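Undergrad: Turn this into a model:
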Amino acid sequence: MKELIPADNRALEELFSDLGIEIVSEPLFDYGKLYSREDPYPVIFPSTPEQMQAIVGRARKHQIPLRVRASGHTFNGVSLPQKGELLLRPDRFDGFRFSEEGTVTASCGALVWDVRDLVRDYGFDLPVYNGGWAGPTLGGYISAGGFGKGGLSHDYGGLWENVREITLIDGEGSLRTIARQDREFPWIFGSYGQLGFLMEAKLKLIPKEKGETPPYPLGASGKIVKRQTDDPKENDRPPQNGKQNRLFWFSLLVSQKELMKAWIDLYKFVKAHPHEIIPEGGWAGPVFKGAPMGYYYFIRFFQFNPPLVYPQAEPFLVIGVMSRMCTGDRASNQRTLQVEKAFIDLAKKGGYNLYPQAENFGKNQDFCRYYGEEIYNAFLQLKRQFDPDMIFNPGVVFDRVACAQRNRPSVRNN
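TA: Got it, this is the predicted structure:
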């Protein structure tokens, strides 16, 4: 494997001058404001598959790491470019087409809520989309795994149960379309973008109104219009006045038989951090200071669960607490990180799954130990197959050392 040698911005600007590279001087932050890129960084907004393939080919030839960031709706800083990396932002991949009955094919740079609103214009709806606000793009939602708002996943399962196929450009510059029946398909969900640049996904549709059968608009295509009033790019910006209270989620993914024990452990966690964890907006779980302290989502099982999200072939529950955490300055960040380390320790001790793809657990995680050797090594083999030079999003799950031989036991009990 070739060694990645960090290039300076001038060298990158010369190398990609014909492909629309820009040097951005403003600091770049993540959603939680714990992590940032303070110095100027290079970025390209690719707009066609051919342009993207040219970028990958040149990056591979010169061993330039590629970092992919859509709306940056993460807590863990994994989409922030490191020194010598080229940042790719998929904003301009925002098309759609109706080409197969019961589906819409949408580009992965579009916001999930914009895709939802688009198909509603035609009398359809998405079975599963995120709650909260219009933060995640379709590509980001897939890379995280994807649970549905409210009771959507209770009825339709996770996002992965509602996608027919995914098209990506891998680390060799090849355009691949991966269908549900392909063995690689379940590994794309929750993969942190390790297998390539996500281009588009064919999504299942349901009628917007129950009992109705809207006509399928075969052949309709165009651009997905941005309709959301909230600007996800606020994730990029620094905290106001140097500090900011952000709503952090502390989630456990558990089986039905683990539910009561997990609630007890969460209650103890909240009580152990009374100044940092103040539950907000809960509707489930033990009563804490006169109100339910947590949240609860049931994820129905149909065909598979992604190994990188929840590896058992069964329904599971997402439970946890929400709390506003002060971040932005060194002292506040350190307190937040200490609380999150305690939460990781809770999950390890209880043998629970976490949601590191979306929450701030990836920076404190040894993924070989977390996933266990079987899952970790299988993912590593796919990484080598799709991205043999490991140029996509390095250092998130894998470094460039052959780590399949690391002899470490799994921390999970399930």
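
Undergrad: my read: residue 395 touches residue 81, true?
TA: No. The pair residue 395 and residue 81 does not pass the contact test of C-beta atoms under 8 Å, sitting 11.2 Å apart. Quick note: C-beta positions are derived from backbone N, CA and C, even for glycine.

Undergrad: In terms of neighbours, single out the busier of the two.
TA: residue 81 (21 against 13; other C-beta atoms under 10 Å).

Undergrad: and the more buried one, what element?
TA: Per DSSP states H and E: residue 81 is located in neither a helix nor a strand.

Undergrad: how much distance is there from the longest helix along the chain to the middle of the chain?
TA: For the chain, the helix that runs over the most residues, judged by DSSP state H, is helix 330-350. Chain-centre distance of helix 330-350: 20 Å, with C-alpha atoms, centre = their mean, to the nearest Å.

Undergrad: what does stretch 254-265 give?
TA: 25 Å.

Undergrad: For stretch 16-31, list every residue counted as buried.
TA: 16, 21, 28-31 (16 or more other C-beta atoms under 10 Å).

Undergrad: just stretch 157-177 next, same as before
TA: Applying 16+ other C-beta under 10 Å to stretch 157-177 flags 157-163, 165-173, 176 as buried.

Undergrad: tell me the mean pLDDT for it?
TA: Taken as a whole, stretch 157-177 has an average pLDDT of 98.

Undergrad: Dump that stretch to PDB, restricted to CA.
TA: Provided in PDB are the C-alpha atoms of stretch 157-177 (Å, rounded to 0.1, in the frame of the first residue of the first chain):
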ATOM      1  CA  GLY A 157     -38.300  -0.600   9.600                       C
ATOM      2  CA  GLY A 158     -35.000   1.300   9.100                       C
ATOM      3  CA  LEU A 159     -34.100   3.200   6.100                       C
ATOM      4  CA  TRP A 160     -32.300   0.100   4.800                       C
ATOM      5  CA  GLU A 161     -35.600  -1.800   4.500                       C
ATOM      6  CA  ASN A 162     -36.900   0.900   2.100                       C
ATOM      7  CA  VAL A 163     -34.100   1.300  -0.500                       C
ATOM      8  CA  ARG A 164     -33.900  -0.800  -3.700                       C
ATOM      9  CA  GLU A 165     -30.400   0.100  -4.800                       C
ATOM     10  CA  ILE A 166     -27.600   2.500  -4.300                       C
ATOM     11  CA  THR A 167     -25.100   3.900  -6.900                       C
ATOM     12  CA  LEU A 168     -21.700   5.000  -5.800                       C
ATOM     13  CA  ILE A 169     -18.200   5.800  -7.200                       C
ATOM     14  CA  ASP A 170     -15.600   3.700  -5.500                       C
ATOM     15  CA  GLY A 171     -12.000   4.300  -4.700                       C
ATOM     16  CA  GLU A 172     -10.900   3.100  -8.100                       C
ATOM     17  CA  GLY A 173     -13.200   5.600  -9.900                       C
ATOM     18  CA  SER A 174     -15.700   2.900 -11.000                       C
ATOM     19  CA  LEU A 175     -19.400   3.600 -11.000                       C
ATOM     20  CA  ARG A 176     -21.100   0.800  -9.100                       C
ATOM     21  CA  THR A 177     -24.900   0.100  -8.700                       C
END
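
Undergrad: quick one on the thing from earlier: so can I have CSV of the buried residues of stretch 16-31 showing distance to residue 224, pLDDT and secondary structure?
TA: Shown next, in CSV, are the buried residues of stretch 16-31 (distance: C-beta to C-beta, whole Å; pLDDT from 0 to 100; DSSP: H, G, I helix; E, B strand; the rest coil):
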residue, distance to residue 224, pLDDT, secondary structure
16, 27, 97, coil
21, 25, 97, coil
28, 25, 96, strand
29, 26, 93, strand
30, 24, 89, coil
31, 22, 88, coil
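
Undergrad: of all those, which comes closest to residue 44?
TA: residue 21 (5.2 Å; C-beta to C-beta).

Undergrad: From what I see, residue 247 and residue 324 are in contact.
TA: Yes. Assessed by C-beta under 8 Å, residue 247 is found in contact with residue 324 at 5.6 Å.

Undergrad: Now do the shared contacts for the two.
TA: Here residue 247 and residue 324 share the contacting residues residue 280, scored by C-beta atoms under 8 Å, 6 or more residues apart in numbering.

Undergrad: How far does stretch 324-334 sit from its chain's centre?
TA: Worked out by C-alpha atoms, centre = their mean, stretch 324-334 lies 23 Å from the chain centre.

Undergrad: Which stretches in the stretch 101-250 of the chain count as helices?
TA: 112-121, 138-144, 152-156, 185-188 (DSSP state H, counting those that start in this stretch).

Undergrad: can you list contacts of the third one?
TA: I take that to be helix 152-156. 127-129, 147-148, 162, 206, 297-300.

Undergrad: returning to that earlier point: what's the closest of the buried residues of stretch 16-31 to residue 45?
TA: Using C-beta to C-beta, residue 21 is the member of these that sits closest to residue 45, with 9.6 Å.

Undergrad: ok, the closest one touching residue 12?
TA: Yes. Under the criterion of C-beta under 8 Å, residue 21 makes contact with residue 12 at 6.7 Å.

Undergrad: Overlap in contacts, these two.
TA: 42, 86.

Undergrad: now stretch 56-66, how far from the centre of its chain.
TA: 23 Å.

Undergrad: who touches it?
TA: Residues outside stretch 56-66 that contact it (C-beta under 8 Å, 6+ apart): 2-5, 7, 12, 15-16, 19, 55, 82, 84-86, 88, 169-173, 197, 389, 391-394.
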